[in-house]
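1. Any chance you could fold what I've pasted below:
(chains A, B, C and D)
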There are 2 protein chains.
Amino acid sequence: MTEQDNATGLRARLVAAGVELLALEGLHALTLREIARQAGVSHGAPRRHFATHAELLAAIARHGFGELATALGLQDGAGHAATAGHDAAEARARLERLAHGYLAFAAEQPGMFELMFRHDVLAGSGAGLRRTSMPLFEVLTRLVAVIHPPTGEDCASPATVAAALWANLHGLAQLRAWGSLGLATGSDALDPVLRATLDAHLGPAAR
Amino acid sequence: MTEQDNATGLRARLVAAGVELLALEGLHALTLREIARQAGVSHGAPRRHFATHAELLAAIARHGFGELATALGLQDGAGHAATAGHDAAEARARLERLAHGYLAFAAEQPGMFELMFRHDVLAGSGAGLRRTSMPLFEVLTRLVAVIHPPTGEDCASPATVAAALWANLHGLAQLRAWGSLGLATGSDALDPVLRATLDAHLGPAAR
DNA sequence: CGGCGCGAGTAGACAGTGTCTACTCGATCT
DNA sequence: AGATCGAGTAGACACTGTCTACTCGCGCCG
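-> Got it, this is the predicted structure:
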């Protein structure tokens, strides 16, 4: 309701132009003036809707988080339904799908992925952005909890394991994005490293 | 031999000024003109020694990689000597020290850490930079190989496990750097997550 | 019904940036 | 001594983000 698509909603048009520019040219092309140019308005126009360049970028990043959520199948409150199954094997399969989806998103939309986690660019609006990615993390935690019930006393809490897993996935995305992964392992195949990651954090695959 | 510290080596002075500026003000302050100002020369002077701004930043990042290597105790060819011990427990201890050192570096010199892995800024000179971090990765692989000898046929190769571990450490550094780790786990304590990471990739601590 | 205000977009100015080019100046070599 | 050349200077240029007048069109209220 806050942002309408009513044909002349410049705010939405600017975000859309930014998303397109980001996909076509990359993050370096996302200057305030270039986005305005792409949207067909003067360079001062965005100021009516975004106080600063960083706020416009933050809005574009927010759009990206939305796309990521739908790509992972957890738009709206669907996360609760998605974690309804209490079967450990099912949770494991869903976690693998999430991991693959996360890395696929990073690979297919590298510009958007880069922007979404460039907290220096999104500074100020960063707090809101960080909160945006929390639902995803909570789903991760719930699924991990199904696999690793916190029985042992010295066993790490599900949130801890989920944080370690998330960090691992994110690091993998970055390493591959800039080619270090291929340089290190010889081949740039992601699958073996991803499998090793999942096996490490979730225990060997029950297959 | 290539770069001398002979009092008037502007190249070295520019790098030094950049390092200082990076520690004091952060990455955003590392403009070409500001570095030149800090070094007491005109804004055109750096061009004699660095063809472009990115090359100067790459030189500063290279300095950072050197500092990281010495902080981890693997300057020069000392890596080989450091991995001489074939005791698994010793390898595990050394890996833990490496992990702590890596994350401590990221925490104590956040600006430098950010620059070192901002491959969009270092583009072009990036290939050389990526190679700079390879010795560190090789030490990681060797140590992992001591703990996880590649016996099983479906077992991941040491390089694969090392890559997954590296990705995990790097992701942890980033998540903590921008505060998401604290937001996710409730407390911003790094140790539990780091312990979970090490246990996951290297097996539970033999303690 | 008419003047009025005001939100939205325009145009220009300003400081700052990276890059490029003309130029100076001092040391070095023949 | 005089020419050469590397190193640093100064200025221009095309950008950028931000700020400030200004215009214009629509709706509101007396």
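2. Which residues of chain A lie near DNA strand D?
-> A:Thr31, A:Leu32, A:Arg33, A:Glu34, A:His43, A:Gly44, A:Arg47, A:Ala51, A:Thr52, A:His53, A:Ala54 (CB under 7 Å from any atom of the strand). Where C-beta positions appear, they are placed from N, C-alpha and C, glycine not excepted.
3. Of the residues you listed, grab the buried ones for PyMOL.
-> Buried members of those, defined by 16 or more other CB atoms under 10 Å in any protein chain shown, are picked up in PyMOL with:
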select buried, chain A and resi 32+34+53+54
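4. and which of the residues of chain A next to DNA strand D is nearest to DNA strand C?
-> Ranked by distance to DNA strand C (CB to the nearest atom of the strand), those are led by A:Gly44 at 2.9 Å.
5. Quick check on the closest one: phi, psi?
-> A:Gly44 adopts backbone torsions of phi -90, psi -10, taken as degrees, to the nearest 10.
6. and A:Ala23, how many neighbours does it have?
-> Neighbourhood size, A:Ala23 [other CB atoms under 10 Å in any protein chain shown]: 13.
7. List the residues that contact it.
-> Each residue near A:Ala23 by CB atoms under 8 Å, 6 or more residues apart in numbering or on different chains is listed here: A:Gln109, A:Gly111, A:Met112.
8. hang on, the first one packs against A:Ala61?
-> No - under the contact definition of CB atoms under 8 Å, A:Gln109 does not touch A:Ala61, with a separation of 11.7 Å.
9. which one of these two has more residues nearby?
-> The residue with more neighbours, out of A:Gln109 and A:Ala61, is A:Ala61; 28 against 19, by other CB under 10 Å.
10. Dump the residues of chain A next to DNA strand D to JSON lines, plus pLDDT, secondary structure and distance to A:Arg11.
-> Listed next are the residues of chain A next to DNA strand D as JSON lines, based on pLDDT from 0 to 100; DSSP: H, G, I helix; E, B strand; the rest coil; distance: CB to CB, whole Å:
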{"residue": "A:Thr31", "pLDDT": "98", "secondary structure": "coil", "distance to A:Arg11": "18"}
{"residue": "A:Leu32", "pLDDT": "98", "secondary structure": "helix", "distance to A:Arg11": "14"}
{"residue": "A:Arg33", "pLDDT": "98", "secondary structure": "helix", "distance to A:Arg11": "17"}
{"residue": "A:Glu34", "pLDDT": "98", "secondary structure": "helix", "distance to A:Arg11": "17"}
{"residue": "A:His43", "pLDDT": "98", "secondary structure": "coil", "distance to A:Arg11": "16"}
{"residue": "A:Gly44", "pLDDT": "97", "secondary structure": "coil", "distance to A:Arg11": "15"}
{"residue": "A:Arg47", "pLDDT": "97", "secondary structure": "helix", "distance to A:Arg11": "12"}
{"residue": "A:Ala51", "pLDDT": "96", "secondary structure": "coil", "distance to A:Arg11": "12"}
{"residue": "A:Thr52", "pLDDT": "96", "secondary structure": "coil", "distance to A:Arg11": "14"}
{"residue": "A:His53", "pLDDT": "97", "secondary structure": "helix", "distance to A:Arg11": "15"}
{"residue": "A:Ala54", "pLDDT": "96", "secondary structure": "helix", "distance to A:Arg11": "15"}
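11. A:Gly186: neighbour count?
-> A:Gly186 has 11 neighbouring residues, counting by other CB under 10 Å.
12. whoops, I mixed them up, A:Val19
-> Using other CB under 10 Å, A:Val19 has 21 other residues around it.
13. Which positions in the host helix or strand of it come out as buried?
-> Using DSSP states H and E, A:Val19 maps to helix A:10-25. By neighbour count with 16+ other CB under 10 Å, helix A:10-25 contains the buried residues A:Leu10, A:Arg11, A:Ala12, A:Arg13, A:Leu14, A:Val15, A:Ala16, A:Ala17, A:Gly18, A:Val19, A:Leu21, A:Leu22.
14. Give me the phi and psi angles of A:Gly179.
-> Here is the backbone geometry of A:Gly179 (degrees, to the nearest 10): phi 80, psi 0.
15. For chain A, just list every one of the helices.
-> In chain A, the helices defined using DSSP state H lie at A:10-25, A:32-39, A:53-71, A:78-82, A:88-108, A:110-116, A:126-132, A:134-147, A:158-177, A:180-185, A:191-202.
16. A:Asp188: what's it in contact with?
-> A:Asp188 is in contact with A:Arg176, A:Gly179, A:Leu181, A:Gly182, counting by CB under 8 Å, 6+ apart.
17. Where in chain A is the helix or strand with the lowest mean pLDDT?
-> Within chain A, no helix or strand scores below helix A:78-82, which has a mean of 57 by mean pLDDT, DSSP states H and E.
18. Is it possible to get TSV of the contacts of A:Ala23 that adds pLDDT and distance to B:Phe65?
-> TSV is the format used below for the contacts of A:Ala23 (pLDDT from 0 to 100; distance: CB to CB, whole Å):
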residue	pLDDT	distance to B:Phe65
A:Gln109	98	29
A:Gly111	97	26
A:Met112	98	29
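19. who in chain A is up against DNA strand C?
-> So far as CB under 7 Å from any atom of the strand goes, chain A lies against DNA strand C at A:Thr8, A:Leu10, A:Val41, A:Ser42, A:His43, A:Gly44, A:Ala45, A:Arg47, A:Arg48, A:His49.
20. And those residues, which is the shakiest by pLDDT?
-> When those are compared by pLDDT, A:Thr8 scores lowest at 66.
21. show me which of the contacts of A:Asp188 neighbour chain B.
-> Counting by CB under 8 Å from any CB of the partner chain, A:Gly179, A:Leu181 from these sit close to chain B.
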